[in-house]
Structure formats: structure tokens, C-alpha cells
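1. sequence unavailable; structure follows:
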């Protein structure tokens, strides 16, 4: 049953995130983005759900999850590294969400190198 559910949801993983479905307001300044804490709080449940998939999935399912979520993970980590947050709480929420998923795979966002990604 788990494998069947995974196969059904796999093509739609990114649209599970509320932040992927919400159109964000236009950026006023190229160096700062609006606070995304509302989006991050809504996304937290999806990260938890995907962490549960990671905990119970096979190695092949882990690889599929990482491949499908790679862009989302890197976007979130780049936003943190570029300082696109007004408060430390916003930053910690974003990192905590990504780590919910990565920790289930035995990883941590501090292990991901962002060099060569337009930093």
C-alpha cells in the first residue's frame, strides 16, 4: 500500500507545497524578498509528510524523493544563504523545514554545498 501511495504522489510532490501554489507578491528590491514565514509555516506539514515517506521508503524511493525535491531544497537553502529574511526566526523556520526532510534521510542542510549555484 505504501509503494502504491508513493507511486501515486511522486509526480505531484512539488505541488503539495502551499508555497508552490501561492503567487508571491512582486519583489520591491532585488536584494530583499518579502518575508515568507507564512509560506514556510504552511509548508512545514508537507516537509513532515515527506519526512515520513523518507523514513519508511526504500533506497530507490529515497533517491526519487531527493531528485524530485532537489530544486525546492536548493531554492530554500539559497534563500537562507542570501539573507532574504527579516528575522532570525524566519531563517530558522526555513532551515528547520528542510532539515525535517533531510534528517529523515540521515542528512543535514549543513552538508549541502551551494558553491557553483549562482552564489
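-> Great, that's in hand. Nothing here was measured: the structure is a model prediction, and the numbers come from that model.
2. tell me the helix or strand right after the helix or strand bottoming out on mean pLDDT in the chain.
-> For the chain, the helix or strand with the lowest mean confidence is helix 18-21, at a mean of 84 (criterion: mean pLDDT, DSSP states H and E). Using DSSP states H and E, the helix or strand that follows helix 18-21 towards the C-terminus is helix 37-56.
3. for the least confident helix or strand of the chain, packing partners?
-> Using 3 or more CB pairs under 8 Å, 6 or more residues apart in numbering; DSSP states H and E as the contact test, the elements touching helix 18-21 are helix 37-56. In short, each C-beta sits where N, CA and C put it, glycine included.
4. residue 19 - nearest residue in space that isn't next to it in sequence?
-> When the adjacent residues along the chain are set aside, residue 19 lies closest to residue 39, with 3.7 Å between them (CB to CB, 6 or more residues apart in numbering).
5. and if you look at residue 64?
-> The spatial neighbour of residue 64 that comes closest, neighbours along the chain excluded (CB to CB, 6+ apart), is residue 10 at 6.1 Å.
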